[in-house]
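**Q** Give me coordinates for this.
(one chain, ligands or ions: 1)
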Amino acid sequence: MPDETAFVVPQELLILGAAVKTGMLEAIKYKPATVEELAGEISADVRAVWVVAEALIALGYLTKQGEKLRLTKEAEDMLYNPEAQNYTGFSFMHRYNVINSWVHLPEVIRTGRPRPREKGPENIKYFMAAMSHSARQGAPAVAGFCLEGDGKGKKVLDVGGGPLTYARAFASLGARVTVLDLPEVVEYMTPFLEGTEGIEMIPGDFNLALPPGPFDLAFLGNVCHIYGEHENRELFKKAAAVLAPGKKIAVVDFVRGTNPAAAVFGVNMLISTSNGGTWTFEQYSAWLGDAGFEGVELSEVGGRQVLTAKKR
Ligand SMILES: C[S@@+](CC[C@H](N)C(=O)[O-])C[C@H]1O[C@@H](n2cnc3c(N)ncnc32)[C@H](O)[C@@H]1O
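**A** Numbering: from 1, shown residues only. The predicted model follows:
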């Protein structure tokens, strides 16, 4: 049903995002400062910094110690303390970037061409943070479901698993996990693997090849919406080739036709990719069946939609 209460400008996200982009927050984290000092530090306009700082104080991100601005304890925890309950890191910056693309939707509708987001290292960092933040809660349940509670002695291929959230969940069940992701993502994420047992990262393009295996589980978390029918059919065939008969493929994604979120997310993929989208259960069933899988099932696990099938 149309919902006019959803017609709101995400002001808090836009203010906070701008404070990150201009370096306001980072500057204050390391050195509490007056408005004038802060404006000087980040080469910005004093009046603008004052207005935005006042809003950030009102929203609970900043506080004043005398005349000096500093982060509140809540903001410090939210942004910088992974142990804190309210920790998000900078994952919200991915949403901030997404807004930049979404405002070009009229042009995308007219031309049919996407407005992909910039890829630079800063945005890889935000994208990884966003993906791992959104998967954090559901990943243990999804991993447990895919491995039927026990990963000991099992080998998992995590295709496009760069954020490592699912890989860590599989590894905590005793599985050995091979994560394939793009070279720039593997380069950025490798330092986060230090001291982690049971996970290896391999740089590559899953449209070209998958690691040879054999694996007990091929896990495709939120990758099928990035590409179109041709790439997904080919990816499923490649996954079948690295699994022995009876072994499982699991696809986590929005399934079109089962909820409004899948249709809306399809618009996100229209804006950001040339042929990505969300796909129906019938499409997945046909593509998986033709690639050599049987027994396709759709389950809701940990707030995610998970399609599973077995190699014939
Ligand atoms: C939407 S994220 C999903 C991340 C994670 N699997 C999850 O479910 O939270 C898609 C991931 O696939 C990776 N990716 C996209 N295209 C790829 C390709 N052609 N080859 C390898 N990895 C790719 C991205 O770098 C990113 O890490």
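**Q** CA atoms for contacts and neighbours, from now on please.
**A** OK.
**Q** what's the helix or strand for Val20?
**A** Taking DSSP states H and E as the criterion, Val20 maps to helix 11-21.
**Q** what's the helix or strand just after that helix packed up against?
**A** Per DSSP H and E, the first helix or strand lying C-terminal to helix 11-21 is helix 24-30. For helix 24-30, the packing partners by 3 or more C-alpha pairs under 8 Å, 6 or more residues apart in numbering; DSSP states H and E come out as helix 35-41, strand 68-71.
**Q** Pick the most deeply packed of the ones you listed.
**A** Per-residue neighbour counts averaged over each of the helices and strands packed on helix 24-30 give the maximum for strand 68-71, namely a mean of 21 (mean count of other C-alpha atoms under 10 Å).
**Q** ok now that one, how far from the chain's centre?
**A** Computed by C-alpha atoms, centre = their mean, to the nearest Å, the separation of strand 68-71 from the middle of its chain amounts to 31 Å.
**Q** and what of stretch 191-210?
**A** Remark: stretch 191-210 is offset 16 Å from the chain centroid, using C-alpha atoms, centre = their mean.
**Q** first to last residue in it, what's the distance?
**A** 23 Å (C-alpha to C-alpha, to the nearest Å).
**Q** If you count neighbours, what's buried in it?
**A** Buried residues in stretch 191-210, counted by 16 or more other C-alpha atoms under 10 Å: 198-204, 206, 210.
**Q** Stretch 20-31 now?
**A** Within stretch 20-31, the residues that count as buried by 16+ other C-alpha under 10 Å are 23-25, 27-29.
**Q** now what about it, what contacts it?
**A** Stretch 20-31 is contacted by residues 19, 38, 41-42, 69-71, 76 when judged by C-alpha atoms under 8 Å, 6 or more residues apart in numbering.
**Q** any idea how this structure splits into domains?
**A** 4-77, 135-311 (automatic domain parsing).
**Q** Looking at the longest one now, give me its mean pLDDT.
**A** Just to be clear, that refers to domain 135-311. Throughout domain 135-311, pLDDT has a mean value of 97.
**Q** Ok, the shortest one next?
**A** Domain 4-77 shows an average pLDDT of 97 in the prediction.
**Q** Show me what from this structure comes close to the ligand.
**A** 131-132, 135, 160-163, 180-182, 185, 204-207, 221-223 (C-alpha under 6 Å from any ligand atom).
**Q** Can I get the buried part of those as one PyMOL selection?
**A** In PyMOL, selecting the buried portion of the residues of the chain next to the ligand, with burial taken from 16+ other C-alpha under 10 Å, looks like this:
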select buried, resi 131+132+135+160+161+162+163+180+181+182+185+204+206+221+222+223
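**Q** Tell me which of the residues of the chain next to the ligand fall in strands.
**A** Here DSSP state E is the test, and the residues of the chain next to the ligand give 180-181, 221 as lying in strands.
**Q** How many neighbouring residues does the nearest residue to Leu16 once chain neighbours are set aside have?
**A** On the basis of C-alpha to C-alpha, 6 or more residues apart in numbering, the spatially nearest residue to Leu16 that is not a chain neighbour turns out to be Leu56, at 7.5 Å. By the other C-alpha atoms under 10 Å criterion, the neighbourhood of Leu56 contains 19 residues.
**Q** State the phi and psi torsions of Leu56.
**A** Main-chain torsions, Leu56, degrees, to the nearest 10: phi -70, psi -30.
**Q** Contact partners for it?
**A** Residues near Leu56 by C-alpha under 8 Å, 6+ apart: 15-16, 62.
**Q** repeat for Ala39
**A** Under the criterion of C-alpha under 8 Å, 6+ apart, the contact partners of Ala39 comprise 45-46, 49.
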